[in-house]
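Enquirer: prediction below, plus the sequence it came from.
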There are 2 protein chains.
Amino acid sequence: MTVTAKPTGKSAARAAERPAQGVPARETGPLTEAIELLFFAYRDFISDPDELLAKYDFGRAHHRVIHFVGRHPGITVAELLNILRITKQSLARVLKQLIERGFIEQQTGKQDRRQRLLFLTPAGIELEQRLAAPQQARVAAALASAGPGAEAAWRAVLLALVNEDDRPEVERLIAAQPAKNN
Amino acid sequence: MTVTAKPTGKSAARAAERPAQGVPARETGPLTEAIELLFFAYRDFISDPDELLAKYDFGRAHHRVIHFVGRHPGITVAELLNILRITKQSLARVLKQLIERGFIEQQTGKQDRRQRLLFLTPAGIELEQRLAAPQQARVAAALASAGPGAEAAWRAVLLALVNEDDRPEVERLIAAQPAKNN
DNA sequence: CATTTTATGTCAGCCATGTTGACATATTTT
DNA sequence: AAAATATGTCAACATGGCTGACATAAAATG
């Protein structure tokens, strides 16, 4: 299965505080368990920044934009769309808000003046770091608890989960490089 | 960052077929890379069933319900809410459609007649398997390519990513057990 | 230099799936 | 008999996807 949107609050109408117990799982093999673990891990992993985002009246879409602009200063709109795999209308909505509220700024490209290169402002950098901190802590703790070698295996599996066609690009995207100047 | 909703189609308004290239990544440490890998892996992982779901006019929410009802035949509504962490109103919407269209059926609980135990119909079972197949294949291939021991590390890290409070319950949920009879 | 293509922005509207609050019913528990 | 529980449902709203259409500026091309 799949993960979707954003629980805004602590949910009064939510299931009454751990009914728990319950129905045994049908035997469907270890792959199913590995898949469900991914669901549960992701569910909790993405819950970290939500509280902070809510204070800014931002959502997860804003988080993703802040993250990738922070990671790739000077990224173009087209590149960001390619990473996020959403339409430009969807991106435009959150990007506009982030610009209006001073977390992201645009610069006209020097070589290609049609491009609007995106950068975090100082406020944007601060927010990015505040959003990233709990997720980094969570991943660091998980990798540490899983012992040495876990990180390499983790990365290998995750990369192999990516569509084969996209793997070279993903590797390029996540690889850190010395800053360039626009 | 975080993953959210569902691209319905192949998106004409989407980024023009791999603009690629682009801005180098800022150096932010290996944790950031591990986090981004999770984003990209999840992005592609959840894309598998979407095409099939679209043929039924279903979305990811339906997928999640079908999956967990299939995995826990006779699960109660309250238990399902606790797994999904959504409100009962949100669940009610998709559940109603799945019942109307004959993929899920309800049975009044025998011990507690207030409960509506949920089961997949034969059509539901078939759909569940068709949805699961590509994801299982993807995970199987990824684990295989990452070599022996990768699965253990993978599971350890994922479980450690789950909120500590929820870990016992997640372990219980994913553990297969022989069927019980209602 | 005229034309076409590209990068971006934007308007208008739709849909899926979250949310809240309130309330109704049947059933079990106390 | 009363209270608590499991479920269902109504009404309204927000977020963030989507489509289609169109506008502008700049670059690339013939």
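Expert: It's in.
Enquirer: what segments of chain A are helices?
Expert: For chain A, applying DSSP state H gives helices covering A:30-45, A:50-55, A:60-71, A:77-84, A:88-100, A:122-145, A:150-161, A:167-174.
Enquirer: take those and write them to a markdown table, including distance to residue B:165, mean neighbour count and mean pLDDT.
Expert: All C-beta atoms are positioned from the backbone trio N, CA, C, and that covers glycine. Listed next are those as a markdown table, based on distance: least, CB to CB, whole Å; neighbours: other CB atoms under 10 Å in any protein chain shown; pLDDT from 0 to 100:
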| stretch | distance to residue B:165 | mean neighbour count | mean pLDDT |
| --- | --- | --- | --- |
| helix A:30-45 | 10 | 21 | 92 |
| helix A:50-55 | 16 | 14 | 91 |
| helix A:60-71 | 22 | 24 | 96 |
| helix A:77-84 | 32 | 21 | 96 |
| helix A:88-100 | 32 | 16 | 96 |
| helix A:122-145 | 13 | 17 | 96 |
| helix A:150-161 | 22 | 21 | 94 |
| helix A:167-174 | 31 | 17 | 93 |
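Enquirer: export the ones you listed to TSV and tack on distance to DNA strand C?
Expert: TSV is the format used below for the helices of chain A (distance: least, CB to the nearest atom of the strand, whole Å):
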stretch	distance to DNA strand C
helix A:30-45	11
helix A:50-55	10
helix A:60-71	11
helix A:77-84	3
helix A:88-100	4
helix A:122-145	16
helix A:150-161	21
helix A:167-174	16
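Enquirer: could I get those helices in CSV, plus columns for distance to chain B?
Expert: Formatted as CSV, the helices of chain A follow (distance: least, CB to the nearest CB, whole Å):
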stretch, distance to chain B
helix A:30-45, 4
helix A:50-55, 8
helix A:60-71, 4
helix A:77-84, 4
helix A:88-100, 6
helix A:122-145, 4
helix A:150-161, 4
helix A:167-174, 4
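Enquirer: how close does the spatially closest residue to residue A:31 that is not a sequence neighbour get to DNA strand D?
Expert: Leaving aside its sequence neighbours, residue A:31 sits nearest to residue B:136 (CB to CB, 6 or more residues apart in numbering or on different chains; 4.5 Å). Remark: distance between residue B:136 and DNA strand D (CB to the nearest atom of the strand, to the nearest Å) = 25 Å.
Enquirer: check the offset of stretch A:86-105 from the chain's centre.
Expert: Mean-position distance between stretch A:86-105 and its chain equals 16 Å (CA atoms, centre = their mean, to the nearest Å).
Enquirer: sorry, that was for stretch A:26-39
Expert: 23 Å.
Enquirer: what of stretch A:145-160?
Expert: For stretch A:145-160, the separation from the chain centroid amounts to 19 Å (computed by CA atoms, centre = their mean).
Enquirer: repeat for stretch A:103-121
Expert: Using CA atoms, centre = their mean, the mean C-alpha position of stretch A:103-121 is found 22 Å from that of the whole chain.
Enquirer: where does the residue in chain A that DNA strand D sits nearest to land on pLDDT?
Expert: Distance from DNA strand D to each residue of chain A (CB to the nearest atom of the strand) is smallest for residue A:59, at 1.6 Å. Residue A:59 is assigned 93 on the pLDDT scale.
Enquirer: distance of it from residue A:131?
Expert: Separation of residue A:59 from residue A:131 (CB to CB, to the nearest Å) stands at 12 Å.
Enquirer: quickly list what's touching both of the two.
Expert: residue A:53 (CB atoms under 8 Å, 6 or more residues apart in numbering or on different chains).
Enquirer: about what we covered before: tell me who's in contact with the residue nearest to residue A:31.
Expert: A:29, A:31-32, A:35.
Enquirer: tell me which residue is most central in chain A.
Expert: Chain A has residue A:64 as the residue nearest its centroid, 5.0 Å off, counting by CA atoms, centre = their mean.
Enquirer: wait, that residue touches residue A:81, no?
Expert: No. Contact between residue A:64 and residue A:81 fails when scored by CB atoms under 8 Å: they sit 11.6 Å apart.
Enquirer: brilliant, that's me finished.
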